[in-house]
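Visitor: turn this into a model:
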Amino acid sequence: MKAEIVREEMNRCGRAGIPFLFGVDFEGIHGFFVEKPLSDPSVYFTIGTIGHYKTPLSPIPEPRIKILHSSFETYQEKFRIVHQGLSRGDSFLLNLTERTPIETNLTLEQIFYHSQARYKLLLPDRLVCFSPESFVRIENNEIRSYPMKGTIDATLPDAENRLLQNHKETCEHYTIVDLIRNDLNIVATRVQVKRFRYVEKIHTSQGEILQTSSEISGQLPDGWQNELGTLLFKLLPAGSISGAPKAATQKLIRQAEGLPRGYYSGVFGYFDGQTLDSAVLIRFIEKVDNRYYFRSGGGITVNSQAKEEYQEILEKIYLPIQK
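Guide: Coordinates of the predicted model:
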C-alpha cells in the first residue's frame, strides 16, 4: 500500500476513534494499515502489554545466530562516501546501516514469540522486528519521544560509566536529542527534555548490553486525533536512524547504501482509539528468497573510525531471548 493511503487511513480512523495498526517504510513510499488489528491473522505484534499473537505451543532449542559472511571492505566503501559527505558539511551525523546474511536455528515466528522487547512485529514469512526503541507516544495531548543512541557490552568493567563518559557517544546523543526536539516543535508546543541520557539494560542471547536514551515531550492541541496521520508523517523518518540535518543526510544515505532500506528503520505503531504508541523498526531480520538477513547500523560522525563502527554493527546482531 502507498504511504499516502496509510496517512489518510490514519486520519480517518483517528477522527472516528477506530483502533488500527500501521507501518511506514524508511523511504516513506510504502506501508501497511490494519483496522481493528487484534483479530487480523495477517500480522502479529506486541506494543507494551497490547498485541495480537498466538501462544507458542512448544519449547525452542537454545537460540543460535551465526553470521554467514561479512565484508569490511564493502562497509569501508560506504563509510568512505559518508565520511566525505560529513567532511563537506552535508551532514554532521548519519546512521549508516548494513545488511548481514545470517543463519539461525529459529524461524521468524519463533523469534517473534520468544524474544523480549517492548515492540515486536511479525509479517509472516517476510520479517520480524524486536525493537527496544520508541518512536513517539501520545496520550492526554502529550507527545513523547525516546531517542536511543549509545550502547555498550554490560559485562565490561565499569560499563555504565564508560558509556556515559564516551565522548563520541555523548556528542551523537546531543545531536539526536536536538534533532528530535526540533522535530517535535513542528507539531507541538512547550517542548522540553525531561530526561537526558538515562541508562537501560537489555538481555540478549549473547549476554546483556546497556543503552542510553532520552525523553523529550511536548503538548499537542485538542483534536490531534483528527489529523493523526498528517501529524505523524511530519516527523518521518525517525531522526535516530537517519541523522541531521534530515534532508541532506537522507540523500547521502542513498548514495552510500545503494539499496532501499524498506521497512527496516521505518516505524510502526498502534492506536487504540484514544492513545498512540509507536516504535522504530530496528533489531530487524528479513527473509528474502529463503535467506535471512540481519539489519543493523550505527551513527557516523567526522571523527568516527571505520573499523570501530563496523565492529559495532556486528555486535548488534543478536536475539533478545533468554533461556
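
Visitor: CA only for contacts and neighbour counts going forward, please
Guide: OK.

Visitor: so, low pLDDT: which residues of the stretch 151-300 of the chain?
Guide: In the prediction, the stretch 151-300 of the chain carries residues with pLDDT under 70 at positions 205-206.

Visitor: so which strand or helix has Pro221?
Guide: Element membership of Pro221 [criterion: DSSP states H and E] is none; it lies in no helix or strand.

Visitor: ok, now which ones touch it?
Guide: Residues near Pro221 by CA atoms under 8 Å, 6 or more residues apart in numbering: Asn141, Ala188.

Visitor: please apply the same query to Leu220.
Guide: When contacts are counted by CA under 8 Å, 6+ apart, Leu220 touches Asn141, Glu142, Ile143, Val187, Ala188, Thr189.

Visitor: in the lengthiest strand in the chain, what counts as buried?
Guide: With residue count as the measure and DSSP state E as the assignment, the chain has strand 189-204 as its longest strand. When burial is assessed from 16 or more other CA atoms under 10 Å, strand 189-204 yields the following buried residues: Val191, Val193, Phe196, Arg197, Val199, Ile202, His203, Thr204.

Visitor: after it, next one along is what?
Guide: On the C-terminal side of strand 189-204, the nearest following helix or strand under DSSP H and E is strand 207-219.

Visitor: strand partners (parallel or antiparallel) of that next one?
Guide: strand 142-145 (antiparallel), strand 148-153 (antiparallel), strand 189-204 (antiparallel) (DSSP bridges).

Visitor: sorry, back to before: got the CA coordinates for the longest strand of the chain in PDB?
Guide: Taking Å, rounded to 0.1, in the frame of the first residue of the first chain, the C-alpha atoms of strand 189-204 are listed here in PDB:
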ATOM      1  CA  THR A 189       4.300  23.400  21.900                       C
ATOM      2  CA  ARG A 190       6.200  23.600  25.200                       C
ATOM      3  CA  VAL A 191       8.800  21.000  24.000                       C
ATOM      4  CA  GLN A 192      11.200  20.000  26.700                       C
ATOM      5  CA  VAL A 193      13.900  17.400  27.500                       C
ATOM      6  CA  LYS A 194      12.500  15.600  30.600                       C
ATOM      7  CA  ARG A 195      15.300  13.000  31.000                       C
ATOM      8  CA  PHE A 196      18.700  13.100  29.300                       C
ATOM      9  CA  ARG A 197      20.900  10.000  28.700                       C
ATOM     10  CA  TYR A 198      19.400   7.600  31.100                       C
ATOM     11  CA  VAL A 199      20.700   4.000  31.000                       C
ATOM     12  CA  GLU A 200      18.700   0.800  30.400                       C
ATOM     13  CA  LYS A 201      19.800  -2.800  30.300                       C
ATOM     14  CA  ILE A 202      18.800  -5.200  27.500                       C
ATOM     15  CA  HIS A 203      19.000  -9.000  27.800                       C
ATOM     16  CA  THR A 204      20.200 -10.900  24.700                       C
END
